[in-house]
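Novice: I'll drop the sequence and a predicted model, then ask my questions.
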Amino acid sequence: MSTTETDLVEPHAADPRVEVLSPRDVPLGGPRAMTVRRTLPQRSRTLIGAWCFVDHYGPDDVADTGGMDVAPHPHTGLQTVSWLFTGEIEHRDSLGVHAYVRPGEVNLMTSGHGIAHSEVSTPATTTLHGVQLWVALPEEHRHTGRDFHHHAPTPVQLDGGEARVFLGTLAGDTSPVPTFSPLLGAEITLRPHATVTLAVEHAFEHGLLVDRGEVRFAGTPLHPNDLGYLAPGATTVTLTNTGDTDARTVLLGGTPFQEEIVMWWNFIGRSHEDITRAREEWMSSANPDRYGTVEGYPGDRLPAPELPGIALKPRGNAR
């Protein structure tokens, strides 16, 4: 990779384009609810590229929380991207896929018009730690067919760290997993006090989620669980680990998503009516083929919550 002097941000000069998004705690339900830290969406920012949902969880002691046990539930208008640091999750869906989510391996599921799936941490899992991400499908593709892809990226050695590129292209590596809009997703680890500068697509906006460590993102300090947002225009991003131990981050990117979306429960649509229809067809037998059936889960599927008493409004990012 080559850089020019004007591409680089001084290590201690904060880039005014960086916005720091702090997480909020969200329980996943059940008597011993596993809590996740949600950094996207927020009132100030709905999307980064087509990334519309970032849940960060763990290290979670399964003996205390019971781990993950999410009964069959529906999705519309999106792709789910599962990435683990520790543990193992069993995935079943109405496409007939029975797969496992393992550290360093990405599972991407496309809901299209409708899919159902379950997620359960395996009996051998003692600690659960990872991220659950969603990608909004563009209007022209949001009713596409169901699909599923698995990929185990080869680690790319950096001068000061390592990258695993699970979507898009970074550090000379390209993921074979298909997406419906230009995207980037990569786990990046940094050695103590290391600085890494990476060439990136200037048309992308980027988000850096810090899993562990104290990291400067384009000169802006981020703490564990923070998500730093960088507006389009950068041709490189510089990450600096300011601590004495390894740091781990997840870099997300994509071209700004130009459409407004309505995101409620597990559905993404474009209007209140889209969401109402998706909920009704999950709760009734009006359209049994829309979501299909998840085979092999030992229990009932999740009912949808009641819709709020006000109309759901489409949202995008402030321009």
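Specialist: That came through fine. Numbering: from 1, shown residues only.
Novice: From here on, just use CA atoms for contacts and neighbour counts.
Specialist: Will do.
Novice: ok, and what's touching stretch 63-76?
Specialist: 32-34, 60-61, 89, 93, 111-121, 126, 128, 142, 266-269, 278, 282, 291, 294, 297, 299-303 (C-alpha atoms under 8 Å, 6 or more residues apart in numbering).
Novice: Could you tell me which of the residues you listed are located in strands?
Specialist: Using DSSP state E, 60-61, 89, 93, 115-121, 128, 267-269 are the members of the contacts of stretch 63-76 that sit in strands.
Novice: List buried residues within those.
Specialist: The neighbour-count test (16 or more other C-alpha atoms under 10 Å) marks 60, 89, 93, 115-121, 128, 267-269 as buried among those.
Novice: Residue 280 falls within a strand, correct?
Specialist: No. Read with DSSP: H, G, I helix; E, B strand; the rest coil, residue 280 is helix and lies in no strand.
Novice: about what we covered before: can you tell me which of the ones in strands among the contacts of stretch 63-76 is nearest residue 24?
Specialist: Nearest to residue 24 among the ones in strands among the contacts of stretch 63-76 is residue 60, at 16.5 Å by C-alpha to C-alpha.
Novice: Near the nearest residue to residue 183 once chain neighbours are set aside, how many other residues are there?
Specialist: Residue nearest to residue 183 in three dimensions, not counting chain neighbours: residue 254, with 4.3 Å by C-alpha to C-alpha, 6 or more residues apart in numbering. Residue 254: 24 surrounding residues under other C-alpha atoms under 10 Å.
Novice: Can you give me the distance of the residue lying closest to residue 231 once chain neighbours are set aside to residue 199?
Specialist: Nearest-residue entry for residue 231: residue 205, 4.7 Å, with adjacent residues in sequence omitted and distances by C-alpha to C-alpha, 6+ apart. Separation of residue 205 from residue 199 (C-alpha to C-alpha, to the nearest Å): 13 Å.
Novice: quick one on the thing from earlier: any chance of the buried ones among the ones in strands among the contacts of stretch 63-76 in JSON lines, with pLDDT and distance to residue 235 too?
Specialist: Shown next, in JSON lines, are these (pLDDT from 0 to 100; distance: C-alpha to C-alpha, whole Å):
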{"residue": "60", "pLDDT": "91", "distance to residue 235": "37"}
{"residue": "89", "pLDDT": "97", "distance to residue 235": "36"}
{"residue": "93", "pLDDT": "98", "distance to residue 235": "39"}
{"residue": "115", "pLDDT": "98", "distance to residue 235": "37"}
{"residue": "116", "pLDDT": "97", "distance to residue 235": "39"}
{"residue": "117", "pLDDT": "97", "distance to residue 235": "38"}
{"residue": "118", "pLDDT": "96", "distance to residue 235": "39"}
{"residue": "119", "pLDDT": "95", "distance to residue 235": "38"}
{"residue": "120", "pLDDT": "95", "distance to residue 235": "40"}
{"residue": "121", "pLDDT": "95", "distance to residue 235": "39"}
{"residue": "128", "pLDDT": "96", "distance to residue 235": "35"}
{"residue": "267", "pLDDT": "98", "distance to residue 235": "34"}
{"residue": "268", "pLDDT": "98", "distance to residue 235": "31"}
{"residue": "269", "pLDDT": "98", "distance to residue 235": "33"}
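Novice: export the residues you listed to CSV and tack on distance to residue 174?
Specialist: Below are those laid out as CSV (distance: C-alpha to C-alpha, whole Å):
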residue, distance to residue 174
60, 31
89, 25
93, 27
115, 27
116, 29
117, 28
118, 29
119, 27
120, 30
121, 29
128, 27
267, 29
268, 28
269, 30
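Novice: Kindly indicate which of these lies nearest residue 165.
Specialist: Using C-alpha to C-alpha, these come closest to residue 165 at residue 89, 20.3 Å.
Novice: For that closest one, give the beta-bridge partners.
Specialist: residue 101, residue 121 (DSSP bridges).
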